[in-house]
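[1] Predicted coordinates and the sequence they were generated for:
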Amino acid sequence: MAPRTPTASRSPASAEARERTLELIREVRRIEIQTSRLVDQHLAGSYQSAFKGQGVAFAEVRAYEPGDDVRTIDWNVTARTGIPHIKLFSEERELTVMLVVDMSASLDLGSRDADKRRLVARLAATFAFSAIRNNDSVGLLGFTDRVEAFVPPRSGRKHVLAVVQRVLSHEPSGRGTDPAAALEYMARIGRRNAVVIVISDFLDAVGPEEDSRFERALKLVRRGNDVIPVRVEDPLELGMPALGLVAVEDLELLELGGDRFIDLSRGRQARFKAEVQRERERFDALMRRLRLETMTVSCGTAWQQPLVQFFRHRARRMRR
């Protein structure tokens with residue numbers, strides 16, 4: 001009898017890795033269904049109005065009709081034919097949408113039905129699917145306290161799904177959050193006429209001083225690009241409950257090791273809430289100073305609604 005070839009048993013580690021992969025695929029699929037439905041039902045029409053193309057291109061001439069703008073008269077054709085003609089132009093629609101996405105460990109916080117990382121992925125997917133519905137290309141620049149991922153702009157469903165999967169599955173090597181580093185990188189690569197969507201919790205991005213590194217980086221990228229900061233939050237960050245002495249884990253500064261004990265007495269809880277509010281106010285003041293349209297989306301809320309409102313408001317403003 002021939003000896004039996006032993007069959008390798010699947011190790012618990014490989015089974016766990018397989019389950020993580022399957023769950024990632026299921027999550028990407030869920031996000032595709034959610035965001036595609038949102039785009040088709042609410043955003044498809046307003047996207048094209050909200051984000052203009054890179055310019056206009058000459059299309060054709062036609063005979064002048066009462067009510068036409070006299071500034072568009074083509075005097076060469078008019079002189080040649082003896083009949084007034086005007087020039088018609090069409091918008092050059094091709095756009096590049098760059099998703100500048102926070103991938104830091106602080107996104108793993110989630111006190112509601114989903115953590116901030118899943119919320120970031122949903123937001124990124126919505127912008128990406130809106131873009132490819134209009135034949136625009138989508139790129140990804142992922143950051144922590146450094147640039148960790150760069151995916152060149154491309155179009156197509158498979159490309160967008162790969163971008164979403166990268167956002168969900170990326171394991172950060174950096175421990176902090178520094179959107180200025182990503183914006184400086186964006187400025188160095190010299191891309192122009194792009195829609196730059198910066199999605200982050202912007203923790204400690206804006207200090208008390210004006211003309212900060214973050215502000216200077218925003219100004220650099222804003223030259224020739226349309227910059228839209230999107231702030232993601234968890235309700236726990238805005239006002240922690242007064243629980244007394246509690247053990248917490250720092251999601252970013254892990255070199256501190258183990259749990260840390262902090263005092264969440266009523267006095268300290270009130271000071272924490274006041275500091276968070278000051279930080280949010282500094283961010284909002286900077287956005288107003290730079291005249292940047294922003295949106296804020298919170299975990300555990302109807303995240304689609306702020307997007308729909310933003311697209312519609314921006315589309316109305318662009319049509320004026």
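    Alright, I've got the coordinates. Numbering: from 1, shown residues only.
[2] If you drop the residues flanking it in sequence, what lies closest to residue 117?
    residue 107 (4.1 Å; CB to CB, 6 or more residues apart in numbering). The C-beta positions use only the backbone N, C-alpha and C, and glycine is treated the same way.
[3] How many residues are close by that neighbour?
    By the criterion of other CB atoms under 10 Å, residue 107 has 29 neighbours.
[4] hang on, it in a helix?
    Yes - Residue 107 sits within a helix when classified using DSSP: H, G, I helix; E, B strand; the rest coil.
[5] Am I right that it is in contact with residue 115?
    Yes - judged on CB atoms under 8 Å, residue 107 makes contact with residue 115 at a distance of 6.7 Å.
[6] so what's the residue nearest to residue 117 up against?
    By CB atoms under 8 Å, 6 or more residues apart in numbering, residue 107 lies in contact with 115, 116, 117, 120, 201, 232.
[7] gap between it and residue 170?
    Distance check for residue 107 against residue 170: by CB to CB, to the nearest Å, it reads 10 Å.
[8] Equivalent analysis for residue 108, please.
    Taking CB to CB, one finds residue 108 at 12 Å from residue 170.
[9] quick one: which of the two has more around it?
    Applying other CB under 10 Å to residue 108 and residue 170 shows that residue 170 carries more neighbours, namely 17 against 14.
[10] If we ignore the residues flanking it in sequence, what's nearest the more buried one?
    Nearest one to residue 170, counting by CB to CB, 6+ apart, is residue 103 at 4.9 Å.
[11] ok, the one you found - how many residues close by?
    Neighbour count of residue 103, defined by other CB under 10 Å: 26.
[12] Settle this for me: residue 87 is touching residue 61, isn't it.
    Yes - taking CB under 8 Å as the definition, residue 87 is a contact partner of residue 61 at 5.7 Å.
[13] Buried subset of the contacts of residue 107, written for PyMOL?
    Buried members of these, defined by 16 or more other CB atoms under 10 Å, are picked up in PyMOL with:
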select buried, resi 115+116+117+120+201+232
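[14] Next, format the contacts of residue 107 as JSON lines and append distance to residue 178 and secondary structure.
    Formatted as JSON lines, the contacts of residue 107 follow (distance: CB to CB, whole Å; DSSP: H, G, I helix; E, B strand; the rest coil):
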{"residue": "115", "distance to residue 178": "20", "secondary structure": "coil"}
{"residue": "116", "distance to residue 178": "17", "secondary structure": "helix"}
{"residue": "117", "distance to residue 178": "17", "secondary structure": "helix"}
{"residue": "120", "distance to residue 178": "16", "secondary structure": "helix"}
{"residue": "201", "distance to residue 178": "12", "secondary structure": "coil"}
{"residue": "232", "distance to residue 178": "16", "secondary structure": "strand"}
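[15] As JSON lines, the contacts of residue 107 with distance to residue 304 and pLDDT would be great.
    What follows is the contacts of residue 107, written out as JSON lines (distance: CB to CB, whole Å; pLDDT from 0 to 100):
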{"residue": "115", "distance to residue 304": "18", "pLDDT": "77"}
{"residue": "116", "distance to residue 304": "16", "pLDDT": "84"}
{"residue": "117", "distance to residue 304": "18", "pLDDT": "85"}
{"residue": "120", "distance to residue 304": "15", "pLDDT": "90"}
{"residue": "201", "distance to residue 304": "19", "pLDDT": "88"}
{"residue": "232", "distance to residue 304": "14", "pLDDT": "91"}
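[16] quick one: contacts for residue 124?
    By CB under 8 Å, 6+ apart, the neighbours of residue 124 are 99, 101, 140, 163, 164, 167, 197, 199.
[17] For it, which non-adjacent residue is spatially closest?
    Residue 124 sits nearest to residue 99 (CB to CB, 6+ apart), 4.9 Å away.
[18] Helices of the stretch 151-300 of the chain, start to end?
    157-169, 179-188, 213-222, 235-238, 266-290 (DSSP state H, counting those that start in this stretch).
[19] which parts of the shortest one are buried?
    Of all the residues in helix 235-238, those buried under the rule 16+ other CB under 10 Å are residue 237.
[20] Quick check: which helices or strands does that helix pack against?
    Helices and strands touching helix 235-238, by 3 or more CB pairs under 8 Å, 6 or more residues apart in numbering; DSSP states H and E, are helix 266-290.
[21] make it 10 Å
    helix 266-290, strand 295-298 (3 or more CB pairs under 10 Å, 6 or more residues apart in numbering; DSSP states H and E).
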